[in-house]
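# structure, please.
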Amino acid sequence: MGELFQPTHLLVIGIILLVLFGGRRLPELGKGLGEGLKGFKEGLKGVNDPAPAAPLQQSATSAPASVSTPANMEYVTCSRCGGRSENPMGFKVADYVCRSCQGKS
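Model prediction:
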């Protein structure tokens with residue numbers, strides 16, 4: 001039977017990938033696969049290492065101590081009333097409308 005990854009096997013797999021995805025998409029797929037593997041390896045390293053404690057910095061304009069907000073929290077502004085809402089995932093929204101304004105429509 002032999003080894004699985006012989007040169008002829010790799011050549012056939014390469015031709016199939018070229019036919020399926022085309023020459024323009026292969027570099028993008030390779031880059032995405034490489035970044036995914038890199039992130040996976042970093043994630044495995046992070047599981048074994050304890051998380052570093054980040055010092056909290058409070059300024060005069062920051063939120064009160066009773067409300068904890070991450071330093072990297074992003075907000076979106078309602079295009080109708082101007083109210084701010086948390087955007088924890090950091091989505092880019094062109095015309096955001098808050099829930100209270102959606103009920104008024």
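# I'd like the next helix or strand past the helix or strand hosting residue 24.
Per DSSP states H and E, residue 24 falls inside helix 7-48. For helix 7-48, the succeeding helix or strand toward the C-terminus, using DSSP H and E, is strand 74-77.
# which strands or helices does that next one pack on?
Using 3 or more CB pairs under 8 Å, 6 or more residues apart in numbering; DSSP states H and E as the contact test, the elements touching strand 74-77 are strand 84-87. For every residue, glycine as well, the C-beta is placed using N, CA and C.
# can you list the strands that the strand it packs on pairs with?
Looking at strand 84-87 with DSSP bridges, its partner strands are strand 74-77 (antiparallel).
# state the mean pLDDT of the strand it pairs with.
For strand 74-77, mean pLDDT is 78.
# for that strand, buried residues please.
Across strand 74-77, burial judged by 16 or more other CB atoms under 10 Å covers residue 76.
# and this structure, what are its domains?
1-49, 74-104 (automatic domain parsing).
# among these, which gets the worst mean confidence?
Ranked by mean pLDDT, those end with domain 74-104 at the bottom, a mean of 76.
# what about that one, start to end distance?
Taking CA to CA, to the nearest Å, the first and last residues of domain 74-104 lie 25 Å apart.
# please identify the buried residues of that domain?
Neighbour-count burial for domain 74-104 flags 76, 78, 96, 98 (criterion: 16+ other CB under 10 Å).
# okay, the residues you listed in CSV with distance to residue 86 next?
Shown next, in CSV, are these (distance: CB to CB, whole Å):
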residue, distance to residue 86
76, 8
78, 12
96, 12
98, 11
